[in-house]
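**Student:** Got a sequence here, can you build the structure:
(2 chains)
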Amino acid sequence: MNTTPTARGRLAGSLMAVAGAVITTSPLLLAAGYVFLLPVLLIGAVFRAHLRFLVIVVLPVAAFALVVWPFVMGAPPGEIAGSNPAGAFRFASATVLRLMFVGGVVQACVLAIHSRDLATTFRRWGLRGEWLIAALGATVLAPEMKRRADRVFTAALARGLLPNRSIWSRLRVLPTTLMPLTAWSLRAAISRADNWHERKLLDRVDALAGRPDPGSLVVSGALVVAAIIWLCASISLRWRIL
Amino acid sequence: MLRLIDGPNFSGRTTVLRNAITAARNGDGRSAAYVGPEVFTSFSGLASTVASELDLVGDGCVGQIVSALGIEPLLDRDLSTLSGGEEVLCAIAAGLACQPMRVALDCVFEQLDHGRRERALGALCGYCVGEVLLADNRSREWADGVAAPEPVPAHDGNSVRFDAIDGEAPVPARPEHLSDILISGLRHRYEHGRWVLDDLQLRLCPGTIVHLAGENGAGKSTLAKILVGALVPSAGKVQCNGAVDPWKAPGRLAAYHFQNPDTQLFRSTVREELLAGARVCGRSGDVVAELVDAAVIAFGLSSVLTIHPHELPFSMRKRVAMASTFACGTPWVILDEPTLGQDDHAAGQIATYVRRTAEAGIGIIIISHSQPFVDRLPHQRISLAHGKTDQQEQHAYGCRS
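**Tutor:** So this is what the prediction gives:
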């Protein structure tokens, strides 16, 4: 069964989900939205990445917000300090839940795209030419730099310049290892610019929009409907329309 | 049509290839593809896996090119985890996939084993709609009957004059500690990958030249990285001089010359680069000077000592990296594709120097797909396949004491 949404369905659903999260101030609604998001993250095979995000980003922010707002400030923003600890707790928990939800939506939207479909998906989102190249380059830049740095550290180890692979050892030789890393990256950038020109890569990526979208319309429809419901609930709770 | 561009280092082969690519691109508006010795830069940099790279640049017939090159098992691999030879095949596939009018390959065939070279030639002849230009230092070893080489006039545009390699130069001082390397039960696999090394048993004797052979991706470079201490294996032991496991003191047992020199050049001048390795083991100033002087003379670096290593052309960067490896003065030296980018004369001189270094008592491990280069050396061949050697027991126990 094809569980991949179409490129436009993915984008529309994600934008509405993020808009809803920005609009709502209810921790309960954000928690409900997050519970709905969890199976989407599991199906998209990005749950591990999301767990990493929770540990590295959300946990420190949550620890800070849930201590500072209710116990130090004692009131949400705009109110007199110490006047409303319960409101401060609600504000802090809504902020943390919003961060979890928006982070999860972005991960489900971008990280769940198969690397083979990345270029066509971005193209269908309306990116073209140099913008498309920049977006594609951004997705591979971090992992490529990480691997290049790893090769340089391996070479530094082989030369005896590093005693081991610990973070402390790497930090100590960082100035030395930055040189090959920078030289290598610059040389690669110049060669790649030539290659793109020679292989007419800009024309090729622009032509990707003509390819058929392998995504499922049913899955896209379900995602968009869910996102519309979520957005409507956020608007109605915020401005008490219903 | 296949054309071989023939000439020694610094004769202008790369310039000829680059000009041909520019002419093809400007001529009829069709695409052209250049694959140089820094193979990784031939990829677009916009895709993470082999399949997504081919999908991005390919017009059509990608599947046929993939099967002609035999790279189906590599399709889901991350581009940055490919071995040297695998990288070359995937770069050729990406070049052919954009249906270029002209393909130029600059010193990349040297990294391929015999079978893969044949496949690559077949794919190039079958799927390039125009002309294939091939500059290769080892072409005389395999190109008989494929195409007649076209000589390239000597290029006079180099602002720096480079000295030749001198195989008869003084060899480094013999290190104090020399002992067999005993490898037992060595296993290694990368994250989510197959076993690259699987229960490997080996005994390597000092003062010998060991040719580590095997197909691309057989685990040769992985074994080298473990021996040098840059990689901790999943299981197993490496013993030498009574000390266990080189990864506990990296760079002391062996010095490693990487296939790609750019990763191992850390300093801002060639002289600093050579001194850095020699100083690591805490040697006295006289010994350091002796090691560096020997490396400078042997690899013809006296005219470039004050130059930034990254400003030099590829073949010279390879030489600097090799010189800094020998200057470390370790009991073992591992050379990964030492003749890459070096013309016949330079390769011959490297062979002479390696032979004399081994005669001085230093153990040499060579990873090379150039059989004539290896045949110039008195060597013990160890062939790796499926993570094991072909004659495990013989290698483990047949070493002279």
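
**Student:** In space, what's closest to the residue in chain A positioned nearest to chain B - neighbours in sequence excluded?
**Tutor:** Scanning chain A for proximity to chain B using C-beta to the nearest C-beta identifies A:Gly160 as nearest, at 2.5 Å. In short, each C-beta sits where N, CA and C put it, glycine included. Nearest residue to A:Gly160 in three dimensions, chain neighbours excluded: B:Gly251, at 2.5 Å (C-beta to C-beta, 6 or more residues apart in numbering or on different chains).

**Student:** That neighbour against A:Arg159, yeah?
**Tutor:** Yes - with contact defined as C-beta atoms under 8 Å, B:Gly251 reaches A:Arg159; the gap is 5.4 Å.

**Student:** Mind checking what secondary structure the residue nearest to A:Gly160 has?
**Tutor:** coil (DSSP: H, G, I helix; E, B strand; the rest coil).

**Student:** quick one: contacts for it?
**Tutor:** A:157-161, B:228-229, B:280-281, B:328, B:330 (C-beta atoms under 8 Å, 6 or more residues apart in numbering or on different chains).

**Student:** coming back round to it: which residues are in contact with both of B:Gly251 and A:Arg159?
**Tutor:** In contact with both B:Gly251 and A:Arg159: B:280, B:328, using C-beta under 8 Å, 6+ apart.

**Student:** how close does the spatially closest residue to B:Glu168 that is not a sequence neighbour get to chain A?
**Tutor:** Spatial nearest neighbour of B:Glu168, chain neighbours left out: B:Thr352 (6.6 Å); criterion: C-beta to C-beta, 6+ apart. According to C-beta to the nearest C-beta, to the nearest Å, B:Thr352 and chain A sit 25 Å apart.

**Student:** Assumed B:Thr352 was part of a helix.
**Tutor:** Yes - applying three-state DSSP, one finds B:Thr352 inside a helix.

**Student:** how close does it sit to B:Gly167?
**Tutor:** From B:Thr352 across to B:Gly167, the span is 3 Å (C-beta to C-beta, to the nearest Å).

**Student:** One more: B:Val57?
**Tutor:** From B:Val57 to B:Gly167 the distance is 42 Å (C-beta to C-beta).

**Student:** Between those two, which has more neighbouring residues?
**Tutor:** B:Val57 (29 against 18; other C-beta atoms under 10 Å in any protein chain shown).

**Student:** which residues touch that one?
**Tutor:** Contacts of B:Val57 by C-beta under 8 Å, 6+ apart are A:199, A:201, A:204, B:44, B:94, B:97-98.

**Student:** can I get these in a markdown table with neighbour count and distance to B:Asp136?
**Tutor:** What follows is these, written out as a markdown table (neighbours: other C-beta atoms under 10 Å in any protein chain shown; distance: C-beta to C-beta, whole Å):
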| residue | neighbour count | distance to B:Asp136 |
| --- | --- | --- |
| A:Arg199 | 24 | 22 |
| A:Leu201 | 22 | 26 |
| A:Arg204 | 19 | 29 |
| B:Ser44 | 25 | 24 |
| B:Ala94 | 26 | 19 |
| B:Ala97 | 24 | 22 |
| B:Cys98 | 24 | 22 |
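
**Student:** And the helices in the chain, which stretches?
**Tutor:** Chain wasn't specified; assuming chain A. For chain A, helices defined by DSSP state H occupy the ranges A:7-23, A:27-43, A:47-53, A:59-67, A:85-106, A:118-124, A:129-158, A:167-172, A:174-199, A:201-206, A:217-239.

**Student:** meant chain B, my bad for not saying
**Tutor:** Under DSSP H, chain B gives helices at B:13-28, B:50-57, B:62-69, B:84-97, B:114-127, B:139-142, B:220-228, B:270-280, B:285-298, B:314-327, B:344-359, B:371-375, B:392-397.

**Student:** Tabulate those helices (TSV), appending mean pLDDT.
**Tutor:** Formatted as TSV, these follow (pLDDT from 0 to 100):
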stretch	mean pLDDT
helix B:13-28	84
helix B:50-57	88
helix B:62-69	91
helix B:84-97	91
helix B:114-127	88
helix B:139-142	78
helix B:220-228	89
helix B:270-280	86
helix B:285-298	88
helix B:314-327	93
helix B:344-359	92
helix B:371-375	89
helix B:392-397	47
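
**Student:** A:Ala134 is nearest to which of the ones you listed?
**Tutor:** Of all those, helix B:50-57 sits nearest to A:Ala134, with 14.6 Å by C-beta to C-beta.
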